[in-house]
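What follows is a predicted protein model with its sequence.
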Amino acid sequence: CTGKVGMFGISWGGYSALQVAARRPPALKAIITVCSTEDRYTTEPYGGGLINMDMFGNTWGPNYPAIASSPPDPAIVGDRWRDMWMQRLNNVDYYPMIHLTHQHRDAYWKHASLNEDDGNYGAIQCPVYAVGGWLDPFHRTVPRMLANLKCPRKGLVGPWAHQYPNNGDPGPAIDWLTEALRWWDYWLKDIDTGIMAEPMYRVWMQQEPVMRGVHETPGWWVAEEVWPSPRITPRNFYLTKDGLENNAGAETACVLKPLQTVGTTAPGWHPFIEDAPIDQRIDDARSLTFDSEPLE
């Protein structure tokens with residue numbers, strides 16, 4: 001070993017790579033973080049300040065305590081298996097209850113986030129390759145980290161869900177193993193693969209929304225040399241009685257008597273292709289909608 005170490009992971013493994021990088025161990029020279037987040041509070045349980053009910057149904061809800069409560073194997077640990085099991089049972093965390101007792105951005109969340117006002121983004125000094133997918137709940141992490149990290153960095157967002165890009169579904173998937181090897185060769189072996197001469201941010205520009213059961217997303221790859229891009233200008237739209245407009249209209253009351261079944265065509269928070277949205281015009285017809293003219 002040359003003494004140069006890299007870390008990579010997806011989801012929890014991606015969080016871990018970011019957290020270790022923030023501790024700056026001297027041997028860690030680069031990381032790849034896939035489908036992860038540097039802001040646990042707003043990305044997972046409390047997106048927009050509201051509790052995300054998916055947290056009660058996914059791995060970190062009931063599944064994790066069930067797995068963590070299983071006994072150790074006597075064939076591996078011997079006669080002490082029962083004592084070990086009881087100690088484990090008495091210390092299992094039930095994450096939904098923990099989340100409900102930390103409804104504000106307190107020390108519990110700050111400990112696991114890098115976007116705090118005390119400059120935690122600057123704690124990461126090794127190069128970072130951040131990867132996400134449009135169907136993944138953490139895709140906003142990639143441009144946010146590109147805009148705030150000060151270290152060498154690259155970002156990639158494809159059409160896929162919570163997966164490595166070589167398994168990307170919906171596709172197109174990419175030859176991610178070769179791309180990752182180019183990153184590791186550059187930062188761990190000092191081989192100039194040209195990867196850092198390429199655009200900082202690459203994104204699959206979707207031509208139409210992802211729909212349930214569709215495994216290929218029409219579109220094309222676009223790239224920005226730096227992020228935020230100097231070629232992009234923010235635009236403000238205003239909610240008016242006629243839809244989304246460039247100028248604020250007169251204040252108008254919009255009244256809706258909602259049906260409790262509105263939302264059944266929406267995607268889940270953590271969707272794979274079988275959980276992607278279906279035709280959402282059904283919900284649109286029963287909702288207040290604000291549309292703009294088609295964007296060029």
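Looks like it arrived, so ask away.

now the strands: where do they sit in the stretch 1-150 of the chain?
5-10, 28-34, 128-133 (DSSP state E, counting those that start in this stretch).

Which stretch among those is buried most, on average?
Among the strands of the stretch 1-150 of the chain, the stretch with the highest mean neighbour count (mean count of other CB atoms under 10 Å) is strand 128-133, at a mean of 26. Quick note: C-beta positions are derived from backbone N, CA and C, even for glycine.

Please render the strands of the stretch 1-150 of the chain as TSV that adds distance to Asn120 and mean pLDDT to the earlier fields.
Shown next, in TSV, are those (distance: least, CB to CB, whole Å; pLDDT from 0 to 100):
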stretch	distance to Asn120	mean pLDDT
strand 5-10	18	97
strand 28-34	15	98
strand 128-133	13	96
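
Out of the ones you listed, which gets nearest to Val77?
Distance to Val77, taken as CB to CB, is lowest for strand 5-10 among the strands of the stretch 1-150 of the chain, at 27.0 Å.

Tell me the strands beside the closest one, with direction?
Paired with strand 5-10 in the same sheet, following DSSP bridges, are strand 28-34 (parallel).

CA-only coordinates of the strand it pairs with, as CSV, when you get a sec.
Extracted C-alpha coordinates of strand 28-34, given in CSV (Å, rounded to 0.1, in the frame of the first residue of the first chain):
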residue,chain,number,x,y,z
LEU,A,28,-7.7,9.7,3.2
LYS,A,29,-6.9,11.3,-0.2
ALA,A,30,-10.3,11.1,-2.0
ILE,A,31,-13.9,9.9,-1.6
ILE,A,32,-16.9,9.0,-3.8
THR,A,33,-20.3,9.5,-2.2
VAL,A,34,-23.3,8.1,-4.0
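
coming back round to it: looking at the strands of the stretch 1-150 of the chain, which is nearest to Leu146?
Going by CB to CB, the one of these nearest Leu146 is strand 128-133, 6.9 Å.

What strands flank that closest one, and is each parallel or antiparallel?
strand 28-34 (parallel), strand 153-158 (parallel).

Pipe those strands into a markdown table and attach distance to Asn247 per row.
Shown next, in a markdown table, are the strands paired with strand 128-133 (distance: least, CB to CB, whole Å):
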| stretch | distance to Asn247 |
| --- | --- |
| strand 28-34 | 41 |
| strand 153-158 | 32 |
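
I'm done for today, thanks for sticking with me.
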